[in-house]
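Undergrad: Here is the input, now give the coordinates:
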Amino acid sequence: MQQDSCQYEYVLNNEFFSAIDAPEIQKGKLNVVLNVKKSIGVFLLKFHIEGMVIVPCDRCLDDMEIPVETDEELKVKLGAEFSDEDDIVVVPEEDGYINVAWFMYEFIALSLPMKHVHAPGKCNKGMLNALNKHLSTSADEDELHDGSDEEGFDDETEAPQETDPRWDALKKILDNN
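TA: Residues are numbered from 1 along each chain as shown. Got it, this is the predicted structure:
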């Protein structure tokens, strides 16, 4: 390794995620290799993060593992006061150091897919049954209570009500789930 660069290794575990106190990821085990290279006035930090995190499934709420493998870069320079603008982080010269914990968390969180859903057939069956029961009950109630009020309802004078076609399209979405 060159004299103007150095390498650090970290293991991020459940304690790290508890200490960082962030909402999305609560558990995991990842290895981080951080290469710091100094060039003229700027430090280039290259992160290689690999491992897995545990997040709740968006559908059944059970924990699920998501693999993580990402490479990120961060440019840091010394300045008068802290700043995190554009693609360069400015660290006060009087401090002379940067805490990279939050940056590592952000890199991990940004590498995750938007939807956290188990593979087909792997979700908690009890929760899926409850969800399907709730969805079918809601759809059945909508059909039973189609906007007519039993009080003062006269079959002979009341014409069938047409529904707004926008609602029909939305009901089709419910039926597909």
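Undergrad: can you tell me which strand in the protein is longest?
TA: If you go by DSSP state E, the chain has its longest strand at strand 63-79.
Undergrad: Rounded mean pLDDT for the next helix-or-strand element following that one, please.
TA: Downstream of strand 63-79, the first helix or strand assigned by DSSP states H and E is strand 83-85. Per-residue pLDDT over strand 83-85 has a mean of 76.
Undergrad: Does N129 lie in a helix or a strand, and which?
TA: For N129, the host element (DSSP H and E) is helix 125-144.
Undergrad: Okay, buried residues for the helix or strand containing K29 please.
TA: Assessed by DSSP H and E, K29 sits inside strand 27-39. Residues 27-30, 32, 34, 36 are the ones in strand 27-39 that count as buried (16 or more other CB atoms under 10 Å). All C-beta spots, glycine's among them, are computed from the backbone N, C-alpha and C.
Undergrad: Strand 63-79 and that strand, what's the angle between them?
TA: Following axes from the mean of the first three to the mean of the last three CA atoms, to 10 degrees, one obtains 20 degrees for the angle between strand 27-39 and strand 63-79.
Undergrad: Quickly run through the sheet partners of strand 27-39, with directions.
TA: Strand 27-39 sits in its sheet next to strand 5-12 (antiparallel), strand 42-56 (antiparallel), going by DSSP bridges.
Undergrad: which element follows the lowest-mean-pLDDT helix or strand in the chain toward the C-terminus?
TA: Within the chain, no helix or strand scores below helix 125-144, which has a mean of 68 by mean pLDDT, DSSP states H and E. The C-terminal neighbour of helix 125-144 among helices and strands, as given by DSSP H and E, is helix 165-176.
Undergrad: who does that following helix touch, helix- and strand-wise?
TA: Here helix 165-176 touches helix 125-144, going by 3 or more CB pairs under 8 Å, 6 or more residues apart in numbering; DSSP states H and E.
Undergrad: in this protein, what spans have low per-residue confidence?
TA: 1-3, 136-162, 175-177 (pLDDT under 70).
Undergrad: That'll do, ta.
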